[in-house]
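Undergrad: 3D model of this:
(2 chains)
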Amino acid sequence: MEFHLKKRPRHEVKVEVVSLETKYPSNVMLYHYPPTDDIHIEEFEELALERLRLLRILERASTKNLRMLSDEWKEYVGAELTREGLRSYLRLCSPAGGKHDSDIQTRRRDYISHFILRLAYCRSEELTRWFVAREMELFRYKFSALSSSEVKQFLDDNNFDIHPLTEAQKDEVKDGLYESTAGQSVAKIELLDFYKVPFTQVLDLVRGRRCYLKAGFAYVNTHDLVSIVGTRQQEEIEQGLVAANGLVEEVEGDERISRMLKALHNSYTGKDYTVCRDAAVPIESLDQLSKTSMPLCMRMCHEHIRAQHHVKHGGRMQYGLFLKGIGVTLEDSLRFWREEFTKKMDADKFARSYEYNIYHNYGKKGSMVNYTPYSCAKIIKDMAAPGDCHGCPYKSMDPSSLKSKLTSYGLSPSAIDEVMYFVSRGHYQIGCGKYFQLTHNSSVEPTINHPNNYFEESQILMGNRQKRTNGPAAPKARARPDIKGHGDRSMLMGQDDDELWRIAETQERILQSQKDISEAFNDDLDLTEIEY
Amino acid sequence: MPEQVADQENQVPPQPTAAVPAFNPEILQDMLPLYYRRLFPHQPFYRWLSYGLTEDGIFCNREISFTLMDDIYIRYLCFDSQAELEKELCSRNPVKIDIGPVMHTRPKMHRTIPGGLVPVQRELVFDIDMTDYDDVRTCCSGAEVCLKCWKFMVLAARILDVALREDFGFEHILWVFSGRRGIHCWVCDHQARHLDGRGRYSVAEYLNIVSYVSFGGSNSPRVPLGDRQHHSIKRALKIVEPMFEEVIIEDQNLFGTPKGVTKLLNMIHDEGARGEFESYLQKNLEDGAHSRQVWESFLKYSNSMRTTTANAWSRKLKNIVQEVQLGLLYPRLDINVTRGFNHLLKSPFCIHPSTGKVCVPFSVSAVGKFDPTTVPTITQLLHEINAFDDKNKSYMEAPEDKSRIKDHKKTSMFKGVVVFEEFLRKLERSLKVNGLQF
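TA: Numbering: from 1, shown residues only, chains lettered A, B, ... in the order given. Okay, here's the model as predicted:
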């Protein structure tokens, strides 16, 4: 796709004669043609920040575990949009809205601001993931508000060459449709139009087994059309980001713009736990630390290893990288695993089968990548198989076992109820934060996004570590690699889409919690510095 | 004796008369040269990975990795031709061969390529490992496998194969015994090879219906079924149901110990109902009752509870019987292998270094007859060609001409090669048809 940032004068004439309404005919448009308007630098900046606020609202909604487009979700997003003065966007996303002049202005803002943020978010894979995920949420929200005639119009305008099955065609596969169309009653399915598309066009439906699938084709009903359209939109945005990336240099020629764009995406950096810069943690203290400062997921790994003298790959990765992150040196790490594992196997087998992996995690073997400890998002998503001990216990444990585990860790029944309240609602990280608060007698309940962040907060509260004086974002600036070589974070293997954007998401949440915490501790911090 | 002579090619493989020595891992390195020189099916192997050279670089940009003796692992190998691959195999004699993706350029250049290698295509692969079934088998554990627990693999292969064919429309599916206790599946259709990361992830998730809930030390499978069941799940149930009693109740007697009963209890995902059923069992059955009695009690109890009043059994646990059946028998996939574009997977026709067995392809329609315990070892194969040669005296005398019988045809590896060639024949035919359309 061609992507022109600089306006060509000869186009301008044309632009003038086209009315805004013709230019932005619908609330929902595929962001295909880059805008060619002139805009002021102030507006440029304003639009960028506005969209950022918009996308962050969507992100907060997904952090809260609200189901996309559910009533609670809509309520939350609606309230937040209103609170942030973005009501005009809310109109864009509601069925009746979007016909007034002011709405057409909003369409324009929507369209242009999307393209501005592309410039800020094309710079790394993580940013891209984050951006695409948010943009797709916005798109789905807008699309869900369209009436069926508007949907038809949209399909025509955007050359979607898809046609509903004829009655006869539908009849042939009707049993499959009844069985496998999710979210619709049989009576409804009788009436609905169905479209037959290659399964690769509706991967989200395939993944959730939400549609009938036969011989490589998915049968999609009108209500799920957004999947087909969304796939195109997503490709459009992804390709656009690649194209935008090629233009970054040109854009950076203008210092006013480049400074702003950089600031935008820099504000999305979280903390990096790949390399621990604090004092080393001796492995002799791990038993104690596991009781006081490790989150449940890590404490359970630790206990598993001490009891079984072995742990499967998933657990070695989760716990091993965590240990690296809290400051266990490579030598100590090797010693720790060796001492445990050799209770069950000879030293030679350990050396042959496991040492490589430990070196590898520390970036000393193989691809020489210093691996990043797992975040909550990844741990929650990781599915443990039989015999594994990793994963998020709040999610993976049966409630009765979780309760008895917490009891054995000394929590009172009322405290357990508090934790279980969140766990049973799927708010695992909030449950974990609650556990932190209860076990640390702390008044603040930290937002837990990363086991290493849990550990660090715990150590700070117990007075064993100091808040980093250089602030949360500063060390990250160094660690963030430039676009080409994300050397130190290739646990995000290229193919691992979901993971990538989840990590991008987590990064921001980490930043957020870092901010909150650093604000909470600011006073102490100054004092310690003065006293030293 | 469940002998598998029913297949068409029973005339050639000789029945070795002398006792075949057991495989000895210590001398594997000494046997490999002969295996690669005389038995490894170089030509079909090349035909597979070259896909009729229908796409640029499809063979020569493929990453292949060798594991040599003493765990020396060499990645990023690639070969320009069948001759080169054959030469390297015969000179390095790898203990293991892994197949990676086709890259955008020669993988051996990986150090000098700015931005690194980019994978452009790769078969859609599945890996099912018997260790993931350790909690549901009582006959063997760890690396062992017997005909009883092989039935888990039989079901897994049948369920996956039919789903890949019927739902996704894939046709070129190669099933391979992994040499010890697992199976691999290579989907080689053009569309499957070109699926992107998201596509692979989605297909894997579609086929992966079992999740696990942890009870402290042990993880219990869960397959939540709603009111209406997706056709793929119904179909899986149809395959699983008739085998359930044979495999779980009779062969494994899984619920025959207090520990086994706990396994069943843990699959009841409602704490209250679980407690009720537990006390019912305690009242009605003795400890150590046979699985059949436990299972019958379970069926009876859940049925009676369901029909009485509105309770957990009639709401949350409506489908509990099917959920247990699927939870124990539905294929347990290592989905990271399927998801990864970059994941290397052991090649067919490798020799498994600790069992000495050949990773032979098998036909999924005959998977029920496949016996992992009689898959030939390298020792046996070499023994067989020697015996054949002794009898015919042709090997030493006859010149290298076309009429000479291919060595693998003299051995019990023959059947695996036949399955492979049949797969290739269909694959090549479809490549030709599609080629004409372009």
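Undergrad: tell me which parts of the stretch 51-200 of chain A are close to chain B?
TA: Residues of the stretch 51-200 of chain A lying close to chain B by Cβ under 8 Å from any Cβ of the partner chain are A:176, A:179, A:180, A:182, A:199, A:200. From N, CA and C alone the C-beta is placed, and that goes for glycine too.
Undergrad: Give me the subset of the residues you listed lying in strands.
TA: Among those, DSSP state E puts none in strands.
Undergrad: Just the helices from the stretch 101-250 of chain A, written as ranges.
TA: Listed in chain order, the helices of the stretch 101-250 of chain A (DSSP state H, counting those that start in this stretch) span residues A:101-121, A:125-144, A:148-157, A:167-172, A:174-180, A:186-191, A:203-207, A:225-252.
Undergrad: Of all these, which one is nearest residue B:188?
TA: helix A:203-207 (20.0 Å; Cβ to Cβ).
Undergrad: other SSEs contacting that closest one?
TA: strand A:217-221, helix A:225-252, helix B:197-207 (3 or more Cβ pairs under 8 Å, 6 or more residues apart in numbering or on different chains; DSSP states H and E).
Undergrad: Check residue 362 and give its pLDDT.
TA: Just so you know, I chose chain A. If you check residue A:362, the pLDDT there is 88.
Undergrad: Please refer instead to chain B.
TA: 97.
Undergrad: go on, residue A:430?
TA: The confidence metric pLDDT takes the value 88 at residue A:430.
Undergrad: Same check on residue A:421?
TA: We have a pLDDT of 93 for residue A:421.
Undergrad: can you give me the strands for the stretch 51-200 of chain B?
TA: Counting by DSSP state E, counting those that start in this stretch, the stretch 51-200 of chain B has these strands, from start to end: B:62-68, B:72-77, B:96-103, B:119-121, B:124-128, B:173-177, B:183-187.
Undergrad: Looking at chain B, which residue is nearest chain A?
TA: Across chain B, the shortest distance to chain A (Cβ to the nearest Cβ) belongs to residue B:169, at 3.1 Å.
Undergrad: what number of residues lie near the residue lying closest to that residue once chain neighbours are set aside?
TA: Sequence neighbours aside, residue A:216 is the residue nearest to residue B:169 in space, at 3.1 Å (criterion: Cβ to Cβ, 6 or more residues apart in numbering or on different chains). Neighbour count for residue A:216, taken as other Cβ atoms under 10 Å in any protein chain shown: 17.
Undergrad: returning to that earlier point: out of the helices and strands packed on helix A:203-207, which is closest to residue A:46?
TA: Nearest of the helices and strands packed on helix A:203-207 to residue A:46, taken as Cβ to Cβ: helix A:225-252 at 17.7 Å.
Undergrad: hang on, residue B:164 packs against residue B:171?
TA: No. Contact criterion Cβ atoms under 8 Å: residue B:164 and residue B:171 do not qualify, at 9.0 Å.
Undergrad: what about the two, which has more around it?
TA: Using other Cβ under 10 Å, the more surrounded residue of residue B:164 and residue B:171 is residue B:164, with 22 against 15.
Undergrad: can you pull the contacts of that one?
TA: Applying Cβ atoms under 8 Å, 6 or more residues apart in numbering or on different chains to residue B:164 gives the contacts B:170, B:173, B:185, B:187.
Undergrad: and with 7 Å instead?
TA: Contacts for residue B:164 (Cβ atoms under 7 Å, 6 or more residues apart in numbering or on different chains) come out as B:170, B:173, B:187.
Undergrad: Please indicate which of those has the highest neighbour count?
TA: residue B:187 (24 neighbours).
Undergrad: who's it bridged to?
TA: residue B:124, residue B:173 (DSSP bridges).
Undergrad: unless I'm mixing things up, it is touching residue B:123, no?
TA: Yes. The criterion here is Cβ atoms under 7 Å, and residue B:187 meets it with residue B:123 at 5.9 Å.
Undergrad: A helix includes residue B:212, no?
TA: No. Using DSSP: H, G, I helix; E, B strand; the rest coil, the assignment for residue B:212 is strand, not a helix.
Undergrad: give the contact list for the nearest residue to it once chain neighbours are set aside.
TA: Computed as Cβ to Cβ, 6+ apart, the closest residue to residue B:212 that is not its neighbour in sequence is residue B:219, at 4.1 Å. Counting by Cβ under 7 Å, 6+ apart, residue B:219 touches A:384, A:385, A:386, A:388, B:212, B:213.
Undergrad: in the sheet, who's paired with the spatially most central residue of chain B?
TA: Geometric centre of chain B, nearest residue: residue B:183, 1.4 Å, by Cα atoms, centre = their mean. When bridges are called by DSSP bridges, residue B:183 pairs up with residue B:128, residue B:177.
Undergrad: Now do the same for it: its pLDDT.
TA: 96.
Undergrad: Residue A:144 and residue A:412: what is the separation?
TA: The gap separating residue A:144 from residue A:412 is 45 Å, by Cβ to Cβ, to the nearest Å.
Undergrad: Looking only at neighbour counts, state which of those two leads.
TA: Just comparing residue A:144 and residue A:412: by other Cβ under 10 Å the higher neighbour count belongs to residue A:144, 16 against 11.
Undergrad: So what's the residue count around the residue nearest to the more buried one when sequence neighbours are not counted?
TA: Leaving aside its chain neighbours, residue A:144 sits nearest to residue A:69 (5.7 Å; criterion: Cβ to Cβ, 6+ apart). Burial measure for residue A:69: 14 neighbouring residues, criterion other Cβ under 10 Å.
Undergrad: try residue B:90
TA: 17.
Undergrad: and the closest residue to it other than its chain neighbours, what does it touch?
TA: Once flanking residues are discounted, residue B:90 sits nearest to residue B:36: 4.8 Å by Cβ to Cβ, 6+ apart. When contacts are counted by Cβ under 7 Å, 6+ apart, residue B:36 is found next to B:89, B:90, B:93.
Undergrad: again, but for residue B:33
TA: B:90, B:93.
Undergrad: What's the separation between it and residue B:93?
TA: According to Cβ to Cβ, residue B:33 and residue B:93 sit 5 Å apart.
Undergrad: same check, this time on residue A:322
TA: From residue A:322 to residue B:93 the distance is 41 Å (Cβ to Cβ).
Undergrad: And those two? Which one has more around it.
TA: Between residue A:322 and residue B:93, counting by other Cβ under 10 Å, residue A:322 is the more crowded of the two (25 against 20).
Undergrad: Return the nearest residue of chain A with respect to chain B.
TA: Closest point on chain A to chain B, by Cβ to the nearest Cβ, is residue A:216, at 3.1 Å.
Undergrad: Give me the pLDDT for that residue.
TA: pLDDT at residue A:216 comes out at 96.
Undergrad: Name the nearest residue to residue B:23, sequence neighbours excluded.
TA: Nearest non-adjacent residue to residue B:23 (Cβ to Cβ, 6+ apart): residue B:356, at 3.2 Å.
Undergrad: Tell me the residues of chain A that contact chain B?
TA: Applying Cβ under 7 Å from any Cβ of the partner chain, one finds that chain A approaches chain B through A:176, A:179-180, A:199-200, A:203, A:206-207, A:209, A:212-216, A:352, A:383-388, A:393, A:396-401, A:405, A:484, A:493, A:495-498.
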